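Peer 1: When you get a sec, could you give me coordinates for this:
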Amino acid sequence: MGGTERTDENQDKKSQAMKQKKKELRKEIRALRAAHSDEEIHAMSLQVLERVRELPEYRQADTIFVYVDCKHETETSDLIRQAWADGKRTAVPRVLGQEMKFFYITSLEEDLEDGYFGIREPYEKNPADGAADAPGSLMFMPGVAFDESRHRIGYGGGFYDRYLEAHPGLKTVALAFEFQVKPEVPFEEFDIRPGKIVTEKRVIQ
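Peer 2: Numbering: from 1, shown residues only. As a prediction, the model looks like this:
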């Protein structure tokens with residue numbers, strides 16, 4: 001009995017330490033993103049896009065699942081426009097309760113409204129989730145921090161982990177700035193890693 005209690009106590013301490021480390025990383029990265037000007041964020045985002053266009057996963061995809069950027073994340077508006085120019089269908093996420101669903105859009109100006117935490121979201125029409133299991137689909141996902149082994153720290157809501165658990169065959173690429181990549185970040189075994197991470201300087205795979 002005592003041994004079990006000690007084990008549970010140790011696991012609880014490890015869990016608390018991991019949560020604290022993630023909290024500190026989120027605070028650090030938020031400050032780093034805020035420290036960059038809009039112009040710097042835009043310039044680095046265009047460099048990320050250049051690398052994305054060279055990916056075989058992007059070239060072969062016919063449907064793109066991609067987040068709408070917010071608060072100095074790696075920008076996705078130019079990526080979305082590029083995907084349309086390349087003849088790809090594009091879907092973006094909307095939070096519905098504890099779930100995240102994707103809907104096709106054809107205009108950044110007319111198909112989005114202010115939604116979850118002030119992030120622009122698509123209207124609930126033209127659902128795209130049926131394409132999430134198709135071989136020609138590719139998801140570009142956000143994150144707070146990453147490491148050299150492609151572990152990812154998200155924003156804490158678990159939306160992407162749950163979505164990818166439901167669609168395990170969906171290919172994934174995370175978009176990030178180099179300052180978001182650490183030698184190592186805390187992770188749990190069940191965390192889902194992106195297939196690749198693209199920054200303004202490199203592709204981590």
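Peer 1: What lies in contact with the longest strand along the chain?
Peer 2: Determined from DSSP state E, the single longest strand within the chain is strand 89-96. With contacts defined as CB atoms under 8 Å, 6 or more residues apart in numbering, strand 89-96 is touched by 62-68, 80, 83-84, 100-106, 112, 115-116, 121-122, 124, 128, 131, 157, 159. C-beta: built from backbone N, CA, C; applies to glycine.
Peer 1: Could you identify the buried members of the residues you listed?
Peer 2: The neighbour count (16 or more other CB atoms under 10 Å) marks 63-68, 80, 83-84, 100-105, 112, 115, 121-122, 128, 131, 159 as buried among these.
Peer 1: Would you map the helices across this structure?
Peer 2: Taking DSSP state H to define them, one finds helices in the chain at 2-35, 38-54, 56-60, 77-85, 159-166.
Peer 1: Give the buried residues for the first one.
Peer 2: In this case it means helix 2-35. 22, 25-26, 29, 33.
Peer 1: what two of the residues you listed are the furthest from one another?
Peer 2: 22 and 33 (16.2 Å; CB to CB).
Peer 1: just to revisit the earlier point, could you export the helices of the chain to CSV, including columns for mean pLDDT and distance to residue 182?
Peer 2: Below are the helices of the chain laid out as CSV (pLDDT from 0 to 100; distance: least, CB to CB, whole Å):
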stretch, mean pLDDT, distance to residue 182
helix 2-35, 82, 7
helix 38-54, 96, 17
helix 56-60, 96, 24
helix 77-85, 97, 24
helix 159-166, 91, 19
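Peer 1: need these in JSON lines with distance to residue 149, can you?
Peer 2: Listed next are these as JSON lines, based on distance: least, CB to CB, whole Å:
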{"stretch": "helix 2-35", "distance to residue 149": "15"}
{"stretch": "helix 38-54", "distance to residue 149": "19"}
{"stretch": "helix 56-60", "distance to residue 149": "19"}
{"stretch": "helix 77-85", "distance to residue 149": "25"}
{"stretch": "helix 159-166", "distance to residue 149": "17"}
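Peer 1: and residue 204, which of these is closest to it?
Peer 2: Among those, the nearest to residue 204 by CB to CB is helix 38-54 (10.8 Å).
Peer 1: quick one: buried residues of the closest one?
Peer 2: Along helix 38-54, these residues count as buried under the neighbour rule (16+ other CB under 10 Å): 41, 44-45, 47-49, 51-52.
Peer 1: That helix vs helix 2-35, what angle?
Peer 2: For helix 38-54 against helix 2-35, the angle by axes from the mean of the first three to the mean of the last three CA atoms, to 10 degrees is 110 degrees.
Peer 1: mind saving the C-alpha coords of helix 38-54 as PDB?
Peer 2: Presented in PDB, the C-alpha positions along helix 38-54 are these (Å, rounded to 0.1, in the frame of the first residue of the first chain):
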ATOM      1  CA  ASP A  38       4.600  42.900 -37.400                       C
ATOM      2  CA  GLU A  39       7.100  43.400 -40.200                       C
ATOM      3  CA  GLU A  40       9.600  40.900 -38.800                       C
ATOM      4  CA  ILE A  41       6.800  38.300 -38.200                       C
ATOM      5  CA  HIS A  42       5.600  38.800 -41.800                       C
ATOM      6  CA  ALA A  43       9.100  38.500 -43.300                       C
ATOM      7  CA  MET A  44       9.900  35.300 -41.400                       C
ATOM      8  CA  SER A  45       6.500  33.900 -42.300                       C
ATOM      9  CA  LEU A  46       7.200  34.400 -46.000                       C
ATOM     10  CA  GLN A  47      10.500  32.400 -45.500                       C
ATOM     11  CA  VAL A  48       8.500  29.600 -43.800                       C
ATOM     12  CA  LEU A  49       6.100  29.600 -46.800                       C
ATOM     13  CA  GLU A  50       9.100  29.300 -49.300                       C
ATOM     14  CA  ARG A  51      10.200  26.100 -47.500                       C
ATOM     15  CA  VAL A  52       6.600  24.800 -47.300                       C
ATOM     16  CA  ARG A  53       6.200  25.100 -51.100                       C
ATOM     17  CA  GLU A  54       9.200  22.800 -51.600                       C
END
